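Visitor: pasting a predicted model and its sequence here:
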Amino acid sequence: MAPRYPHLQLAAFRLRTDTPWQRRMYLLRFPETWKKPLTTLSRQRRDGKEIRSVPIRLLNDVIAALVPDVITVAKSATIGEHSPWIYSDIEVNTESLFAIIATWVRASSSDAAKVRAILDKINHSDLSWEPLDIDFSTLTWETGDDEVRFDQIHRLLPHVLAADLSAPNISHQHLQPKNPKADPHVDEVPEVVQAVSEFRRCPSPLGASVMNWPPHHMPSRPMSFLINITAQSRPFGNEPVVHLSIGTRRWAHKDAKLSFNRGHSVYLLPALPWLPGLVHSRSFLTAAIEPWRKPAPDTDEGFEYSARWSGGNIGRILRELGLDDRLADPEQLKKAPADFLSATDAAALVYRNGMYSFEHPVAPGASLADKVPLVNWVTRTLSDHLTPVEPLPKGNTVILDAKAFKAAKYSAASDAQLRAAIADTVGRTIGIDIFYDTQHTKNDARTSLSNLLGIELPEETNHLTGKPETINTDELTVLATVRPVGSWGGALVGDESITGNKERMQAAVSSRIDTIETSLGGSEVPTISLVEIKGKKAYSGKQRAADPKFAIKVGLSRTGRLAQCVTATQGPDPLEDEQGTSGSGSDLEKMANSWYDLLRQLGVRSSDFPVRLDRTKINEAPAYLAFWLIRQNQNGWEGITRQIPVAVLIDPTGRKIQACAPMVTWTPLHRAQHEISRHHMLTDQKRTPEEITRFFERVLRSVARQYPSLLLLTCAQNLRWGWPHLTNPDMGMDKLKFGQNPQDITRYPGLRHVRVRTTDRDEVPDSYAVNSKEAGHAPSYWIADDRTFFSTGEKPVSAVRAVKTASKVVGRWKKEELLNHHTRAMVWNSRALEYTVAAIQPGDAAEDWAALAHDLRWATPHYGYSVSLPWPLMVAKQLAQYVMPVELSEDAEDEETPPEVDVDM
């Protein structure tokens, strides 16, 4: 049977080389004569060494808030480096720029004498723009003796494209779709324009962005479409490919609750330039507001919560520049944001979940009904310079049988199979704990586990002695504990005598860990624990630091227990169940999923991998090696910096899983998590890329010959900071490089390497499956070239209500009836992964290894659908859960990840 969707279309474009495409831009370097005087603004180094770098992040933020269409590319100005600082379409007036710089200097120091000394040594005449004549069709430029820098051209290309998409009189018309069942000869009607999107450039942490303005559905449902544009390289080379990702921005329109965790983005569209000498632009500027506690002597508390421009000094800089009357008042912007959306000097506060006690009237994301027309519009508008990549054909090789995988899921296995699988993994005896807070959660936990393992758990076990009850089965002995969680399941409480926030937080976590160890003591057998805690809402905003989940997981790990925290279930309807036994079906399903996750942490599989090697050139089922880098920067709540490389090794059956890390040798997964946590939680461990690279080289050498066939899986965005070999230009085909000299893959007999890239940083563009009539979603792998493939997953059951044809601005046809647009419609989009078959052995077929990596997205035993990474990489990534809070492992695992951009994709 022919597939419904035989091709995958990427929202990606190549540069046309058949027509000239020249643009003049301007470059400004940070004056070398300024750097030495400005280093006096920095704190003295603890080691006493000379300060050679000037932090200019705040200055860049102010420039982004005041000067349109400039691109700041340097985060610091280092003595002796003549690197670029700012690019621009025009020569921005240097006196206006200098006024901003001088005010930044004054705001950065309270020492008036120091400020005067610095300002005496810098002058606006030191700022000099250099013209750049760039030919994007040949990727060259003319400027003095400088060599062409591909990374700089990659930075500038998206901004040039964004300027074309936001040019005056350029707009996208959203057309009402024709009735698909209408007879074109009888029922032909003219196309109807339902809405128009006219785009403006706006600052972006990556590449460039354009956003339509004014917003659609003003004032009750304000939203805009956002098109992100980046230039990315291809595997094994530097040639740029333009990527698009399309989402929405929802605007705050009611009194908003601001988060204390980070600033809230505000987009500014002034009617006139902020400063004399600046050219008026159609582009957005950006700044941020934050909550703060301001004095209020007339109140009982003596203070009240208000809003101000973020960063502290930014507000002062703007005031000193005389812009008070031009800027929106932050408190008014917070209370009545809709008033500013249509103001002459427009200001738009980006909506973020949690701002309201109710849902925003626009659901997040853009469906294919909006994405595809916008991609087609970009294709037409930029056709003089870009050509879309050809649709990718669908692959048809299957190596890991999907039906067999489904039969091996925890949810499909019999209780006897699961008991036997647990015994095979951790031994014949296991501890199982239920630490509950409410009776109905306890009942649901007992019922769901009984259904899963076919055992009857006690109603309660002894609280005082902590002695478990023994449950014997043919396959497994269970030591069961059911008892209240007690005070150690509550919110973390900081010691107010500790003045530093981070130090107080560390002390609270350590105290909770000690309490758990004292309360429970060590477990003599592998143990899994289900713990009931308060939900996320109890720890939102200022209370986020009081969330005990991570401290509980680590504390239980110290006692030899793997943990899963759950929140209270709703419990039964008393009219339907007066006995108060178990809750609703959804409650039991939620609880079952929590038990599934605990079995996942143990490394349990109920059957071997269903490998099919017929019709492939793979001669033997491989083992799997996954590398991952746990990264945390010092701005995390713990106030420490860590780079922890970890590795996971899985045997060809998928049932023997081991992990290792620095100071932790190869250990079965259920024990490795405890050991990695013990050595690396709350420890400041800075490692250089060279140290991380050496660790992975040692690991690879230690396992390369254990198995005749071994597949190495890596994730580019996660790992390349620590293993630079994974960058596109540096990655050699069929090579491995751990130092300066690449090594041929044949030095590691049986080894293959597949590198994964995700949609992070827009390194994989939007994509959708296509046929001759429509666009849709389809799980498959898709062939880009001999070594590059793309993998798409399936729609999960949680997205069953998502409708790909539901546009936010135009109606859709359903059973020959035209429905109105639906801003609340749920959106789900398939996020493709890029697989680069980086290294294979002679005689191999690259497609076989891409197909295998694709099939591994279905291999996780605890979840019924495809996951976001191949299973071995997911196992490695999840090791971070016992090292730092899961929110940090998701938000800060890679320093390259941009700041929050508040985009709904």
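Guide: Alright, I've got the coordinates. Just so it is clear, the structure is predicted and the values come from calculations on it, not from any experiment.

Visitor: poorly predicted segments of the stretch 501-650 of the chain, please.
Guide: 501-502, 536, 540-544, 569-584, 633-641 (pLDDT under 70).

Visitor: what ranges does it have for its strands?
Guide: Applying DSSP state E, counting those that start in this stretch to the stretch 501-650 of the chain gives strands spanning 527-532, 561-566, 623-632, 642-650.

Visitor: adjacent strands (with direction) for the first one?
Guide: What that stands for is strand 527-532. Within its sheet, and counting by DSSP bridges, strand 527-532 is paired with strand 429-436 (parallel), strand 561-566 (parallel).

Visitor: let's see that strand as CSV, backbone CA atoms only.
Guide: Output of strand 527-532 as CSV, limited to C-alpha atoms (Å, rounded to 0.1, in the frame of the first residue of the first chain):
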residue,chain,number,x,y,z
THR,A,527,13.9,0.0,46.3
ILE,A,528,11.4,2.2,44.5
SER,A,529,9.4,4.9,46.3
LEU,A,530,6.3,6.7,45.4
VAL,A,531,6.0,10.0,47.3
GLU,A,532,3.0,12.3,47.5
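
Visitor: off-centre distance for that strand?
Guide: In terms of C-alpha atoms, centre = their mean, to the nearest Å, the centre of strand 527-532 is found 28 Å from the chain centre.

Visitor: check the longest one too.
Guide: Strand 623-632 has its C-alpha centroid displaced from the chain centroid by 17 Å (C-alpha atoms, centre = their mean).

Visitor: number the residues from 11 up from this point.
Guide: Happy to do that; since the first residue is 11 now, the last one works out to strand 633-642.

Visitor: now that strand and strand 652-660, what's the angle there?
Guide: Between strand 633-642 and strand 652-660, the angle comes out at 160 degrees (axes from the mean of the first three to the mean of the last three C-alpha atoms, to 10 degrees).

Visitor: helices and strands around strand 633-642, which ones?
Guide: strand 652-660, helix 699-713, strand 720-725, helix 726-729, helix 881-887, helix 896-901 (3 or more C-beta pairs under 8 Å, 6 or more residues apart in numbering; DSSP states H and E). All C-beta atoms are positioned from the backbone trio N, CA, C, and that covers glycine.

Visitor: for Ala348, find the nearest of those.
Guide: helix 896-901 (29.8 Å; C-beta to C-beta).

Visitor: how many neighbours does the closest residue to Ala373 other than its chain neighbours have?
Guide: Spatial nearest neighbour of Ala373, chain neighbours left out: Arg834 (5.1 Å); criterion: C-beta to C-beta, 6 or more residues apart in numbering. Counted with other C-beta atoms under 10 Å, the neighbours of Arg834 add up to 12.

Visitor: my read: Arg834 touches Pro371, true?
Guide: Yes - using C-beta atoms under 8 Å, Arg834 is in contact with Pro371, at 6.8 Å.

Visitor: can you pull the buried residues of stretch 767-784?
Guide: Judged by neighbour count using 16 or more other C-beta atoms under 10 Å, the buried positions of stretch 767-784 are 767-780.

Visitor: adding distance to Ser147 and secondary structure, write those out as TSV.
Guide: As requested, the buried residues of stretch 767-784 are exported to TSV (distance: C-beta to C-beta, whole Å; DSSP: H, G, I helix; E, B strand; the rest coil):
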residue	distance to Ser147	secondary structure
Arg767	26	strand
Thr768	30	coil
Thr769	28	coil
Asp770	29	helix
Arg771	26	helix
Asp772	23	helix
Glu773	24	coil
Val774	25	coil
Pro775	21	coil
Asp776	25	coil
Ser777	26	strand
Tyr778	29	strand
Ala779	32	strand
Val780	28	strand
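
Visitor: between those, which sits nearest Gln653?
Guide: Gln653 lies nearest to Asp770 out of those, by C-beta to C-beta, at 17.9 Å.

Visitor: quick one on the thing from earlier: tell me which of the strands of the stretch 511-660 of the chain approaches Ile61 most closely.
Guide: Smallest distance to Ile61 across these (C-beta to C-beta): 24.1 Å, for strand 652-660.

Visitor: which element follows the closest one toward the C-terminus?
Guide: Reading on from strand 652-660 to the C-terminus, the next helix or strand found by DSSP states H and E is strand 667-671.

Visitor: same for whichever helix or strand comes after that next one, what does it pack against?
Guide: Using DSSP H and E, the next helix or strand after strand 667-671 towards the C-terminus is strand 674-678. Here strand 674-678 touches strand 667-671, helix 679-690, going by 3+ C-beta pairs under 8 Å, 6+ apart.

Visitor: pull the first one out as PDB, backbone CA atoms only.
Guide: Okay, so that is strand 667-671. Output in PDB follows, covering the C-alpha atoms of strand 667-671 (Å, rounded to 0.1, in the frame of the first residue of the first chain):
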ATOM      1  CA  ILE A 667      21.800  -1.200  31.100                       C
ATOM      2  CA  GLN A 668      24.900   0.300  32.700                       C
ATOM      3  CA  ALA A 669      26.000   3.900  33.200                       C
ATOM      4  CA  CYS A 670      29.200   5.600  34.200                       C
ATOM      5  CA  ALA A 671      30.500   9.100  35.000                       C
END
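
Visitor: which residues does it contact?
Guide: By C-beta atoms under 8 Å, 6 or more residues apart in numbering, the list of residues contacting strand 667-671 from outside reads 613, 654-661, 676-679, 682-683, 685-686, 689-690, 709, 885-886, 889.

Visitor: stretch 87-106 now?
Guide: 35-40, 42, 44-46, 48-49, 62-64, 66, 73, 77, 79-84, 134-135, 137-139, 142, 162, 165-166, 169, 173, 285-289.

Visitor: out of the helices and strands packed on strand 674-678, flag the one nearest Lys124.
Guide: helix 679-690 (41.3 Å).
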